Structures are given as C-alpha cells and as structure tokens.
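[1] No sequence on hand, only this structure:
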C-alpha cells in the first residue's frame with residue numbers, strides 16, 4: 001500500500017511547481033502524491049484507487065514529479081510535460097533550431113531575459129519538452145548557459161535526427 005507524502009513533502013512539491021513555475025495548486029489537486037525518499041511520485045487519484053492498487057504487485061506506480069538533486073529538488077521531464085499547459089514562469093521557448101542544438105550538444109549559450117537562474121521548463125514548437133538548468137552570466141562566462149536536463153535515453157532517436165539537420169554534420 002502506498003503512503004501519502006507527508007505535509008513537508010507536499011509543501012515542497014507545491015513550492016517548486018507553484019512558486020518556480022507558476023503552476024496553480026488546482027493543477028495538482030487530483031493527484032495522490034507519495035514519496036520514496038529521493039523522489040516524489042504522483043498518481044491521478046480516482047475512486048477505489050486503494051483497492052485497485054492492493055490487487056496489484058508493483059514497485060512503483062505513477063510518474064516521478066520531483067527528484068532530489070543534491071540539496072535541490074529537480075522537476076522531472078515527464079512531470080513538466082504533463083502539467084506543461086499550466087507553466088507560466090521560468091519557461092524558455094526554444095525554436096526548432098535551438099531544440100535541435102540542445103539535443104545534440106547538451107547546452108545552449110545566450111542570456112535569457114525574464115528567467116531566473118535554476119531549473120526551467122523547456123518548450124519547443126509543440127509545447128513543453130522537459131527540464132533545463134539555466135545559469136546567469138557571471139565573471140567566468142559573459143553570457144547565460146542553458147544545460148539540458150532531458151533524459152538521454154528518451155532523446156537518443158531525436159538526437160541523431162537533429163544532428164543530421166545541423167550544419168557541418
């Protein structure tokens with residue numbers, strides 16, 4: 001049987017999603033959230049969910065919403081895709097060309113206005129594709145740096161296709 005996340009974990013989830021990405025609390029109201037220590041998982045709540053889950057043998061169910069990355073909580077790509085329509089802050093809109101570049105090279109240089117340093121939602125022409133890490137310019141780098149946090153396995157097919165589209169490849 002799954003045990004609901006404790007109040008602190010639920011506040012953490014709300015803080016990351018609402019404060020960082022502008023996702024309203026109502027977007028997560030129908031989710032049952034549980035913890036496995038370094039991961040907060042979400043499962044759409046439904047009538048008789050407990051009974052249905054009790055009839056199954058499983059290790060994990062649902063989607064990972066947040067993962068502990070060092071001292072910080074990182075939103076997962078799949079979670080940002082699911083709630084992407086609600087993201088209103090710290091989203092970087094990528095052109096098709098920029099998306100191809102970040103898939104192939106793993107990063108993009110360039111300062112992004114209106115975006116806070118830290119984890120950001122990445123959006124392509126068809127909507128939110130996942131998570132990135134944006135670093136502001138500093139004394140070591142004169143421009144901002146966007147680092148892909150997209151799962152490598154998931155993007156391997158797209159990566160080879162994107163690499164063929166880039167000049168010099």
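    Okay, I see it. Here the structure is a predicted model, which means the values were calculated and not measured.
[2] And the strands in this protein, which stretches?
    Applying DSSP state E to the chain gives strands spanning 31-35, 39-44, 63-69, 72-75, 91-93, 107-109, 118-124, 127-135, 145-148.
[3] Adding mean pLDDT and distance to residue 21, write the ones you listed out as a markdown table.
    In short, each C-beta sits where N, CA and C put it, glycine included. A markdown table is the format used below for the strands of the chain (pLDDT from 0 to 100; distance: least, Cβ to Cβ, whole Å):
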| stretch | mean pLDDT | distance to residue 21 |
| --- | --- | --- |
| strand 31-35 | 87 | 15 |
| strand 39-44 | 88 | 15 |
| strand 63-69 | 92 | 12 |
| strand 72-75 | 94 | 7 |
| strand 91-93 | 97 | 7 |
| strand 107-109 | 94 | 20 |
| strand 118-124 | 96 | 6 |
| strand 127-135 | 95 | 10 |
| strand 145-148 | 95 | 16 |
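[4] Could you report the neighbour count for residue 105?
    14 (other Cβ atoms under 10 Å).
[5] between the strands of the chain, which gets nearest to residue 81?
    strand 127-135 (5.5 Å; Cβ to Cβ).
[6] contact partners of the closest one?
    Here strand 127-135 makes contact (Cβ atoms under 8 Å, 6 or more residues apart in numbering) with 74-78, 80-81, 84-85, 87, 90-92, 94, 99, 102, 112, 115-123, 141, 144-151.
[7] which among the residues you listed end up buried?
    74-78, 80-81, 84, 87, 90-92, 94, 99, 102, 112, 115, 119-123, 144-146, 148-150 (16 or more other Cβ atoms under 10 Å).
[8] tally of neighbours for residue 62?
    There are 16 residues near residue 62, going by other Cβ under 10 Å.
[9] how close does it sit to residue 78?
    Separation of residue 62 from residue 78 (Cβ to Cβ, to the nearest Å) stands at 10 Å.
[10] same deal with residue 128?
    From residue 128 to residue 78 the distance is 10 Å (Cβ to Cβ).
[11] same deal with residue 109?
    Separation of residue 109 from residue 78 (Cβ to Cβ) stands at 27 Å.
[12] again with residue 6
    From residue 6 to residue 78 the distance is 23 Å (Cβ to Cβ).
[13] Looking at the strands of the chain, which is nearest to residue 12?
    strand 72-75 (6.0 Å).
[14] Alright, I will stop here.
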